[in-house]
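A.B. asks: model this:
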Amino acid sequence: MRPRLAALAAALLWLAACQRGPDLFTPSIERTPLTGAEPGRLRAFVAMSDPDAEVHLVGGVNRTLEAGAWRWASQRAELQFLVHEARPWRFVMEFTIAEATFAHTGPVTLAVSVEGKALGTLRCDIPGTKRFERSVPADWLPVGRPVRVAAEVDKAYVDPRDGNRLGFILQRAGFVP
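C.D. replies: Numbering: from 1, shown residues only. Take a look at the predicted model:
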């Protein structure tokens, strides 16, 4: 009786092996996580803590978010923004001159340009949080394509450990109506 049972089991296994079973692994559909703003999307204004802030950084701004709110900028920072309509706009930038860098540089002057055109300057005689705000001529802002903005301080602190040039701390910047 036992050999019959073994033969039956072997026959069932053979039959099962000949049939295609269900796939044990099916790759999942790739999905983009819902974490806030859509990556790669330029806006008119950005805070450094925004999920898509990095797409606004062209150069001179550290990619590391510090304290969940700000990023170090070198002596010259370049950003890009996108305005979706022709209207009067103001460029606003909130930044900080750190006490640690100010101790080495002394007063600094920040110069801002839009699309290579000088927008204005701000002299910073003491360290602390500052706000640069100026009206932008309408013909300086192309609608629907990236607008480049550069912010540069006349003096930067050079870190003796790694040679990094530290200019200012950037919190938020962009165009507001």
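A.B. asks: any idea how far Ala47 is from Leu57?
C.D. replies: 13 Å (Cβ to Cβ, to the nearest Å). The way it works is simple: take the backbone N, C-alpha and C, and place the C-beta from them, glycine included.
A.B. asks: higher neighbour count, those two?
C.D. replies: Neighbours per residue (other Cβ atoms under 10 Å) separate Leu57 from Ala47, with Leu57 holding more: 19 against 15.
A.B. asks: now the more buried one: phi and psi?
C.D. replies: phi -90, psi 120 (degrees, to the nearest 10).
A.B. asks: one more: Leu65?
C.D. replies: Torsion angles, degrees, to the nearest 10, at Leu65: phi -80, psi 120.
A.B. asks: confirm for me that it is in contact with Trp72.
C.D. replies: No - between Leu65 and Trp72 there is no contact under Cβ atoms under 8 Å: 10.2 Å.
A.B. asks: what is the distance between whichever strand or helix holds Thr109 and the centre of its chain?
C.D. replies: When elements are assigned from DSSP states H and E, Thr109 belongs to strand 108-114. Taking the mean of its C-alpha atoms, strand 108-114 sits 21 Å from the chain's own mean (Cα atoms, centre = their mean, to the nearest Å).
A.B. asks: how many residues are close by Phe91?
C.D. replies: 26.
A.B. asks: the helices in the chain, which residues?
C.D. replies: Ranges of helices within the chain are 2-18, 99-105, based on DSSP state H.
A.B. asks: comparing those helices by mean pLDDT, which bottoms out?
C.D. replies: Among the helices of the chain, helix 2-18 carries the lowest mean pLDDT, a mean of 57.
A.B. asks: related to what we said a few turns ago, which one's more surrounded, Leu65 and Trp72?
C.D. replies: Trp72 (20 against 14).
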